[in-house]
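1. 3D, please:
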Amino acid sequence: MRIGGGIEKAYQNPEEWVKLAKDLRYSAVLCPIDCASDSATRKAYLKAAKEADLLIGEVGVWRNCLSKDDKTRKDAMDYAKAQLALADEMRANCCVNIIGSFSDKAWDGFCAENYSDDFYALAVDSVREIIDAVKPKHTFYTIEPMPWMLPDSPGQYLKLIQDVNRPKFAVHLDFVNMINCPERYCKSTEFIKYCFDLLGPHIKSIHAKDSIMDQAYTSVIHETMPGKGTLNYKKILPMVEKLGPDTPLFVEHLPDYETYREAAAYVRSQAEAANIFVKG
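-> Below you'll find the predicted structure:
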(Lines give C-alpha, C1' and ligand atoms only; values in the text may rest on other atoms or scores of the structure.)
Protein backbone atom coordinates (compact mmCIF):
# COMPACT_ATOMS: atom_id res chain seq x y z
CA MET A 1 0.00 0.00 0.00
CA ARG A 2 1.11 3.58 -0.63
CA ILE A 3 0.08 6.42 1.68
CA GLY A 4 0.40 10.11 0.83
CA GLY A 5 -1.16 13.48 1.43
CA GLY A 6 -0.58 17.20 1.40
CA ILE A 7 2.66 18.74 2.59
CA GLU A 8 1.78 22.31 3.65
CA LYS A 9 5.42 23.42 3.68
CA ALA A 10 7.16 25.46 1.03
CA TYR A 11 9.73 23.87 -1.25
CA GLN A 12 11.84 25.47 -3.95
CA ASN A 13 13.07 22.50 -5.96
CA PRO A 14 12.60 18.74 -6.42
CA GLU A 15 15.22 17.89 -3.79
CA GLU A 16 13.40 19.86 -1.08
CA TRP A 17 10.09 18.38 -2.14
CA VAL A 18 11.40 14.80 -1.93
CA LYS A 19 12.96 15.49 1.48
CA LEU A 20 9.62 16.69 2.88
CA ALA A 21 7.69 13.77 1.39
CA LYS A 22 10.18 11.29 2.82
CA ASP A 23 10.09 12.97 6.23
CA LEU A 24 6.32 12.42 6.24
CA ARG A 25 6.97 8.80 5.20
CA TYR A 26 4.89 9.25 2.05
CA SER A 27 5.29 6.80 -0.79
CA ALA A 28 2.52 8.48 -2.83
CA VAL A 29 2.43 12.18 -3.61
CA LEU A 30 0.19 14.78 -5.15
CA CYS A 31 1.66 16.36 -8.26
CA PRO A 32 3.89 19.22 -7.01
CA ILE A 33 3.49 21.40 -10.11
CA ASP A 34 0.73 22.47 -12.49
CA CYS A 35 0.37 22.92 -16.22
CA ALA A 36 2.04 26.35 -16.11
CA SER A 37 5.37 24.66 -15.35
CA ASP A 38 7.93 24.52 -18.14
CA SER A 39 9.30 21.33 -19.65
CA ALA A 40 12.54 21.37 -17.68
CA THR A 41 10.69 21.70 -14.38
CA ARG A 42 8.34 18.86 -15.27
CA LYS A 43 11.22 16.57 -16.18
CA ALA A 44 13.12 17.44 -13.00
CA TYR A 45 10.20 16.63 -10.70
CA LEU A 46 9.35 13.44 -12.59
CA LYS A 47 12.97 12.28 -12.38
CA ALA A 48 13.10 13.07 -8.64
CA ALA A 49 9.87 11.14 -8.01
CA LYS A 50 11.11 8.07 -9.87
CA GLU A 51 14.47 8.05 -8.11
CA ALA A 52 12.79 8.37 -4.70
CA ASP A 53 10.11 5.75 -5.50
CA LEU A 54 7.35 8.30 -5.01
CA LEU A 55 4.19 7.49 -6.95
CA ILE A 56 2.48 10.58 -8.35
CA GLY A 57 -1.11 9.68 -7.62
CA GLU A 58 -3.10 12.75 -8.59
CA VAL A 59 -3.04 15.90 -10.66
CA GLY A 60 -5.87 18.16 -9.52
CA VAL A 61 -8.12 20.41 -11.60
CA TRP A 62 -10.64 21.88 -9.11
CA ARG A 63 -12.45 24.08 -11.60
CA ASN A 64 -16.15 24.28 -12.50
CA CYS A 65 -16.38 22.72 -15.94
CA LEU A 66 -20.19 23.04 -15.86
CA SER A 67 -20.45 26.70 -14.93
CA LYS A 68 -23.38 28.52 -16.51
CA ASP A 69 -21.04 31.42 -17.26
CA ASP A 70 -19.59 30.71 -20.70
CA LYS A 71 -16.15 32.22 -20.06
CA THR A 72 -15.77 30.52 -16.69
CA ARG A 73 -16.73 27.19 -18.22
CA LYS A 74 -14.38 27.59 -21.20
CA ASP A 75 -11.48 28.55 -18.95
CA ALA A 76 -12.20 25.58 -16.69
CA MET A 77 -12.39 23.18 -19.61
CA ASP A 78 -9.11 24.48 -21.05
CA TYR A 79 -7.44 24.10 -17.67
CA ALA A 80 -8.81 20.56 -17.21
CA LYS A 81 -7.39 19.55 -20.59
CA ALA A 82 -4.01 21.06 -19.75
CA GLN A 83 -3.94 19.35 -16.34
CA LEU A 84 -4.88 16.00 -17.91
CA ALA A 85 -2.03 16.42 -20.39
CA LEU A 86 0.30 17.19 -17.46
CA ALA A 87 -0.93 14.08 -15.63
CA ASP A 88 -0.13 11.99 -18.69
CA GLU A 89 3.35 13.46 -18.96
CA MET A 90 4.02 12.96 -15.24
CA ARG A 91 2.73 9.36 -15.37
CA ALA A 92 0.22 10.18 -12.63
CA ASN A 93 -2.37 7.58 -11.69
CA CYS A 94 -5.12 10.05 -12.50
CA CYS A 95 -6.23 13.61 -13.11
CA VAL A 96 -9.10 14.47 -10.78
CA ASN A 97 -11.83 17.11 -10.69
CA ILE A 98 -15.38 17.37 -9.38
CA ILE A 99 -18.08 17.10 -12.02
CA GLY A 100 -19.07 20.77 -11.66
CA SER A 101 -22.15 22.73 -10.68
CA PHE A 102 -24.88 24.97 -12.06
CA SER A 103 -24.87 26.90 -8.76
CA ASP A 104 -24.53 30.68 -8.96
CA LYS A 105 -23.38 30.88 -5.33
CA ALA A 106 -20.24 28.71 -5.28
CA TRP A 107 -18.10 26.93 -7.87
CA ASP A 108 -18.77 23.65 -6.04
CA GLY A 109 -22.17 24.58 -4.64
CA PHE A 110 -25.37 22.57 -4.36
CA CYS A 111 -28.55 23.47 -6.23
CA ALA A 112 -31.64 21.76 -7.61
CA GLU A 113 -30.43 22.12 -11.20
CA ASN A 114 -27.50 19.79 -10.45
CA TYR A 115 -30.01 16.94 -10.61
CA SER A 116 -31.59 17.92 -13.93
CA ASP A 117 -31.37 16.02 -17.20
CA ASP A 118 -29.61 18.98 -18.84
CA PHE A 119 -26.94 18.97 -16.14
CA TYR A 120 -26.28 15.27 -16.56
CA ALA A 121 -26.10 15.48 -20.35
CA LEU A 122 -23.61 18.35 -20.17
CA ALA A 123 -21.57 16.47 -17.53
CA VAL A 124 -21.22 13.46 -19.80
CA ASP A 125 -20.35 15.61 -22.83
CA SER A 126 -17.78 17.61 -20.83
CA VAL A 127 -15.91 14.54 -19.59
CA ARG A 128 -15.87 13.12 -23.11
CA GLU A 129 -14.58 16.40 -24.54
CA ILE A 130 -11.71 16.60 -22.03
CA ILE A 131 -10.60 13.03 -22.63
CA ASP A 132 -11.01 13.18 -26.42
CA ALA A 133 -9.01 16.41 -26.64
CA VAL A 134 -6.00 14.98 -24.78
CA LYS A 135 -6.15 11.27 -25.64
CA PRO A 136 -4.07 10.26 -22.61
CA LYS A 137 -1.95 7.14 -22.83
CA HIS A 138 -0.58 6.81 -19.30
CA THR A 139 -3.24 8.29 -17.03
CA PHE A 140 -7.00 8.53 -16.47
CA TYR A 141 -9.48 11.35 -16.02
CA THR A 142 -11.55 10.90 -12.87
CA ILE A 143 -14.29 12.63 -10.90
CA GLU A 144 -14.30 12.96 -7.12
CA PRO A 145 -17.74 12.14 -5.69
CA MET A 146 -19.40 14.93 -3.74
CA PRO A 147 -22.19 14.90 -1.11
CA TRP A 148 -24.46 17.17 -3.17
CA MET A 149 -23.58 16.69 -6.83
CA LEU A 150 -23.25 13.73 -9.15
CA PRO A 151 -21.89 11.15 -8.74
CA ASP A 152 -23.08 10.96 -5.13
CA SER A 153 -23.31 7.16 -4.92
CA PRO A 154 -21.31 4.21 -6.26
CA GLY A 155 -24.24 3.22 -8.48
CA GLN A 156 -24.39 6.72 -9.96
CA TYR A 157 -20.64 6.64 -10.57
CA LEU A 158 -20.91 3.32 -12.42
CA LYS A 159 -23.72 4.76 -14.57
CA LEU A 160 -21.53 7.78 -15.36
CA ILE A 161 -18.69 5.49 -16.45
CA GLN A 162 -21.05 3.58 -18.72
CA ASP A 163 -22.56 6.74 -20.22
CA VAL A 164 -19.23 8.52 -20.78
CA ASN A 165 -18.00 5.32 -22.46
CA ARG A 166 -14.31 6.19 -22.63
CA PRO A 167 -11.58 3.71 -21.60
CA LYS A 168 -9.57 6.52 -20.01
CA PHE A 169 -12.37 7.57 -17.68
CA ALA A 170 -11.98 5.98 -14.26
CA VAL A 171 -12.76 6.40 -10.55
CA HIS A 172 -11.35 8.61 -7.87
CA LEU A 173 -12.89 7.17 -4.71
CA ASP A 174 -13.83 9.45 -1.82
CA PHE A 175 -16.17 7.29 0.23
CA VAL A 176 -16.47 9.89 3.00
CA ASN A 177 -17.98 12.40 0.56
CA MET A 178 -20.68 9.84 -0.23
CA ILE A 179 -21.50 9.18 3.44
CA ASN A 180 -24.15 11.87 3.23
CA CYS A 181 -27.09 10.34 5.11
CA PRO A 182 -27.62 8.60 8.46
CA GLU A 183 -28.02 5.10 7.01
CA ARG A 184 -24.70 5.23 5.16
CA TYR A 185 -23.09 6.66 8.30
CA CYS A 186 -24.47 3.99 10.62
CA LYS A 187 -23.60 1.22 8.14
CA SER A 188 -20.34 2.77 6.98
CA THR A 189 -18.28 -0.40 6.65
CA GLU A 190 -20.99 -2.09 4.60
CA PHE A 191 -21.39 1.00 2.43
CA ILE A 192 -17.64 1.34 1.83
CA LYS A 193 -17.42 -2.35 0.92
CA TYR A 194 -20.20 -1.76 -1.61
CA CYS A 195 -18.13 1.09 -3.11
CA PHE A 196 -15.13 -1.20 -3.55
CA ASP A 197 -17.19 -4.13 -4.79
CA LEU A 198 -18.95 -2.04 -7.45
CA LEU A 199 -16.13 0.29 -8.53
CA GLY A 200 -12.95 -1.61 -7.63
CA PRO A 201 -11.65 -2.35 -11.16
CA HIS A 202 -11.95 1.35 -12.05
CA ILE A 203 -10.36 2.93 -8.92
CA LYS A 204 -7.11 4.83 -9.51
CA SER A 205 -6.76 6.89 -6.31
CA ILE A 206 -8.50 7.15 -2.93
CA HIS A 207 -9.00 9.84 -0.29
CA ALA A 208 -8.72 8.81 3.37
CA LYS A 209 -10.81 10.84 5.80
CA ASP A 210 -13.27 10.07 8.58
CA SER A 211 -16.88 10.84 9.50
CA ILE A 212 -18.57 11.90 12.71
CA MET A 213 -22.32 12.52 13.07
CA ASP A 214 -23.81 14.86 15.64
CA GLN A 215 -26.74 13.84 17.83
CA ALA A 216 -28.57 16.89 16.50
CA TYR A 217 -31.54 17.85 14.36
CA THR A 218 -31.89 17.34 11.55
CA SER A 219 -28.81 15.40 10.35
CA VAL A 220 -25.30 16.84 10.65
CA ILE A 221 -22.35 14.74 9.42
CA HIS A 222 -18.85 16.20 9.65
CA GLU A 223 -15.68 15.26 7.85
CA THR A 224 -12.70 14.79 10.15
CA MET A 225 -9.21 13.33 10.02
CA PRO A 226 -8.69 9.55 10.09
CA GLY A 227 -8.93 8.24 13.63
CA LYS A 228 -11.11 11.10 14.88
CA GLY A 229 -14.40 9.67 13.62
CA THR A 230 -16.15 6.32 13.50
CA LEU A 231 -14.81 4.65 10.34
CA ASN A 232 -13.11 1.30 10.87
CA TYR A 233 -9.83 1.59 8.96
CA LYS A 234 -8.73 -1.91 9.99
CA LYS A 235 -11.59 -3.17 7.82
CA ILE A 236 -11.28 -0.52 5.10
CA LEU A 237 -7.56 -0.85 4.35
CA PRO A 238 -7.69 -4.52 3.28
CA MET A 239 -10.19 -3.40 0.63
CA VAL A 240 -7.63 -0.88 -0.61
CA GLU A 241 -4.81 -3.44 -0.59
CA LYS A 242 -6.84 -5.82 -2.76
CA LEU A 243 -6.65 -3.25 -5.56
CA GLY A 244 -2.88 -3.70 -5.69
CA PRO A 245 0.16 -2.68 -3.61
CA ASP A 246 0.65 0.58 -5.54
CA THR A 247 -2.85 1.95 -5.03
CA PRO A 248 -2.43 5.45 -3.52
CA LEU A 249 -4.39 6.51 -0.44
CA PHE A 250 -4.24 10.23 0.37
CA VAL A 251 -5.08 11.99 3.62
CA GLU A 252 -6.41 15.49 2.92
CA HIS A 253 -8.05 18.70 4.12
CA LEU A 254 -5.67 19.14 7.04
CA PRO A 255 -4.26 22.44 8.29
CA ASP A 256 -0.51 21.92 8.56
CA TYR A 257 2.52 19.70 8.13
CA GLU A 258 2.38 18.06 11.55
CA THR A 259 -1.32 17.22 11.24
CA TYR A 260 -0.60 15.51 7.93
CA ARG A 261 2.15 13.55 9.66
CA GLU A 262 -0.30 12.51 12.40
CA ALA A 263 -3.02 11.46 9.96
CA ALA A 264 -0.66 9.47 7.74
CA ALA A 265 0.86 7.79 10.79
CA TYR A 266 -2.59 6.75 12.01
CA VAL A 267 -3.50 5.20 8.66
CA ARG A 268 -0.13 3.44 8.57
CA SER A 269 -0.68 2.05 12.07
CA GLN A 270 -4.08 0.67 11.09
CA ALA A 271 -2.60 -0.94 7.99
CA GLU A 272 0.14 -2.57 10.03
CA ALA A 273 -2.46 -3.80 12.53
CA ALA A 274 -4.22 -5.45 9.59
CA ASN A 275 -0.91 -7.03 8.48
CA ILE A 276 -0.65 -4.84 5.39
CA PHE A 277 2.79 -3.76 4.21
CA VAL A 278 3.06 -0.01 3.65
CA LYS A 279 5.75 1.30 1.34
CA GLY A 280 7.89 4.15 2.62
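
2. where's the residue nearest to the spatial centre of the chain relative to residue 146, distance?
-> Note on the chain: the residue nearest the mean C-alpha position is residue 172, at 4.9 Å, using CA atoms, centre = their mean. Counting by CB to CB, to the nearest Å, the gap from residue 172 to residue 146 is 11 Å. In this view, the C-beta of every residue, glycine as well, is placed from N, C-alpha and C.

3. same deal with residue 99?
-> From residue 99 to residue 146 the distance is 7 Å (CB to CB).

4. give me the buried positions along stretch 245-263.
-> Neighbour counts over stretch 245-263 (16 or more other CB atoms under 10 Å) mark 247, 248, 249, 250, 251, 252, 254, 259, 260, 261, 262, 263 as buried.

5. then stretch 190-201?
-> Neighbour count says stretch 190-201 has 191, 192, 194, 195, 196, 199 buried, by 16+ other CB under 10 Å.

6. residues in contact with that stretch?
-> For stretch 190-201, contacts defined as CB atoms under 8 Å, 6 or more residues apart in numbering pick out 154-155, 157-158, 171, 173, 175, 178-179, 184, 203, 231, 236, 239-240, 242-243.

7. so of those residues, which ones are in strands?
-> Using DSSP state E, the members of the contacts of stretch 190-201 that fall within strands are 171, 173, 203.

8. of these, which qualify as buried by neighbour count?
-> Looks like the ones in strands among the contacts of stretch 190-201 have 171, 173, 203 buried, using 16+ other CB under 10 Å.

9. that older thread, what's the closest of the buried residues of stretch 245-263 to residue 109?
-> Closest approach between the buried residues of stretch 245-263 and residue 109, by CB to CB: residue 252, at 19.8 Å.

10. how near is the residue of the chain most remote from its centre to residue 182?
-> Distance to the chain centre peaks in the chain at residue 217, reaching 30.3 Å (criterion: CA atoms, centre = their mean). In this view, residue 217 and residue 182 are 12 Å apart by CB to CB.

11. check residue 111 too.
-> 23 Å.

12. higher neighbour count, these two?
-> Just comparing residue 111 and residue 182: by other CB atoms under 10 Å the higher neighbour count belongs to residue 111, 16 against 12.

13. ok, the more buried one touching residue 100?
-> No. Assessed by CB atoms under 8 Å, residue 111 is found out of contact with residue 100, at 11.5 Å.

14. now do the lengthiest helix in the chain: everything it contacts.
-> Ranked by number of residues, the top helix in the chain under DSSP state H is helix 70-89. If you take CB under 8 Å, 6+ apart as the criterion, helix 70-89 is touched by 31, 33-35, 37, 42, 46, 58-61, 63-67, 92, 94-95, 97, 100, 126, 129-131, 133-134, 136-139, 141.
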